[in-house]
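*Asks:* Build me a model:
(one chain, ligands or ions: 1)
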Amino acid sequence: MRYESPTTAKAAVDLLSKEKGKAYVLAGGTDLLVRLRMDMIEPDLMVDIKNIPAMNDIKKTPNGGFKIGAAVSGAKLGANKAISKAWPGVVEATNLIGSDQIQGRCTMVGNLCNASPAADSVPAMIAAGAKANIVGKKRRTVPVEDIVTGPGKTALAKGELIEAITLPKKAPKSGDAYLRFIPRTEMDIAVVGAAVSLTLKKGVVEKARVALGAVAATPLLVKEAADAIIGTSLDDEALEALGAACSAACKPIDDKRGTVEYRVKVAGVLAQRAAKIAYERAGGK
Ligand SMILES: Cc1cc2nc3c(=O)[nH]c(=O)nc-3n(C[C@H](O)[C@H](O)[C@H](O)COP(=O)(O)OP(=O)(O)OC[C@H]3O[C@@H](n4cnc5c(N)ncnc54)[C@H](O)[C@@H]3O)c2cc1C
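*Replies:* Alright, predicted model coming up:
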């Protein structure tokens, strides 16, 4: 296996596109190195992106959003006060990944590209309207909800990698939140994850995005759930409709962490709780 550590995105793209065997991008390695050690993968080439300066930066975008480089660790993201203030749900979701040791290495983009249906940061990014900036032969920008196409599968073509995630400008009177349910208090995989982002106008929900994790083959953007709370002040009836829409969208599996019925029920409850937190963060009472 060849290990390369380029210092530009262009060099990384060249290496990935020219390799005839199996090539992998290496970010924090907290998924990839585990799979390597378990003999689940046999790479011919690993392209480490941590020495690409632009991929280690968090920058404000000209329109007031944020560009988070693909090699930025969970710990570095959590230490950024401006993002934590604007998008607390995204930061909290990313900071739920693993332990302190994992936080020092893991990235949002690695979490996304590992393409686990239960990845914690992904529903929060989707709810926030995050976009993936892809580099390859051409540059393209893709909404995060379109990246994962199935368990372990992404929409990235050979020679493509994600350079950064962009988060939009936080609108006034808006808030986001992510909650997950795990059987233990930490270091476990989500049985269900739920993220809500919303914007208020005079206490009424004007815009909303609701996303779920671990309840289908891919993380889900649930439009019906957002529609259930838009135009309401998140009263009990709206919350009931939100929960029902989330439960209806689930297509989960039975496994040792939870049955289908359990996941369907918990998805509705967690989404309601996340919506209440997002509403309060947006200044709703
Ligand atoms: C002990 C432990 C606890 C964990 N706990 C959690 C948890 O609570 N919640 C959770 O969601 N996950 C958890 N994970 C899984 C893992 O830590 C996360 O998925 C993490 O975010 C992966 O990021 P990474 O940078 O380490 O990715 P890597 O391992 O470097 O890469 C993961 C995958 O993404 C690809 N990739 C990485 N960067 C790019 C890029 N820029 N462009 C294209 N492809 C790319 C890689 O080729 C690989 O296929 C845990 C893992 C461990 C070992």
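*Asks:* Would you map out the domains in the chain?
*Replies:* 2-167, 174-281 (automatic domain parsing).
*Asks:* Mind pulling up the pLDDT for K285?
*Replies:* Turning to K285, the model gives it a pLDDT of 86.
*Asks:* What's the local residue count around the nearest residue to it once chain neighbours are set aside?
*Replies:* Leaving aside its sequence neighbours, K285 sits nearest to G203 (CB to CB, 6 or more residues apart in numbering; 7.1 Å). Bear in mind the C-beta positions are built from the backbone N, C-alpha and C, glycine included. G203: 14 surrounding residues under other CB atoms under 10 Å.
*Asks:* With L32 as the reference, measure out to G203.
*Replies:* 46 Å (CB to CB, to the nearest Å).
*Asks:* which residue packs closest to E92, ignoring adjacent ones?
*Replies:* Excluding the flanking residues, the one nearest E92 by CB to CB, 6+ apart is Y178, at 5.7 Å.
*Asks:* what's downstream of the regular element (helix or strand) spanning the one you found, the next helix or strand?
*Replies:* Applying DSSP states H and E as the criterion places Y178 in strand 174-181. On the C-terminal side of strand 174-181, the closest following helix or strand by DSSP H and E is strand 192-201.
*Asks:* List, one by one, the residues from the stretch 101-250 of the chain near the ligand.
*Replies:* When proximity is defined as CB under 6 Å from any ligand atom, the stretch 101-250 of the chain approaches the ligand at 102, 105-107, 109-111, 113-114, 119-120, 156, 161-162, 187.
*Asks:* Please repeat the previous calculation with a cut-off of 5 Å.
*Replies:* Residues of the stretch 101-250 of the chain lying close to the ligand (CB under 5 Å from any ligand atom) are I102, C106, T107, V109, G110, N111, C113, N114, A119, D120, L161, I162.
*Asks:* Among the residues you listed, which lie within helices?
*Replies:* I102, V109, G110, N111, C113 (DSSP state H).
*Asks:* what about the fourth one, distance to A82?
*Replies:* N111 sits 21 Å away from A82, going by CB to CB.
*Asks:* more crowded one of those two?
*Replies:* Neighbour comparison, N111 and A82: the larger count goes to N111, with 23 against 11 (by other CB under 10 Å).
*Asks:* How about stretch 66-84, which residues are buried there?
*Replies:* Using 16 or more other CB atoms under 10 Å as the test for burial, stretch 66-84 gives 66-77, 80, 83.
*Asks:* Widest-spaced pair of the residues you listed?
*Replies:* K67 and A75 (18.4 Å; CB to CB).
*Asks:* Name the residues that touch the helix ranked longest in the chain?
*Replies:* Scanning the chain for the longest helix, with DSSP H as the assignment, gives helix 260-281. Residues from elsewhere that reach helix 260-281 (CB atoms under 8 Å, 6 or more residues apart in numbering): 88-89, 175-181, 191-198, 200, 205, 208, 210, 212, 214-215, 222, 225, 229, 234, 239, 242-244, 246-247, 249-250, 252-254, 258.
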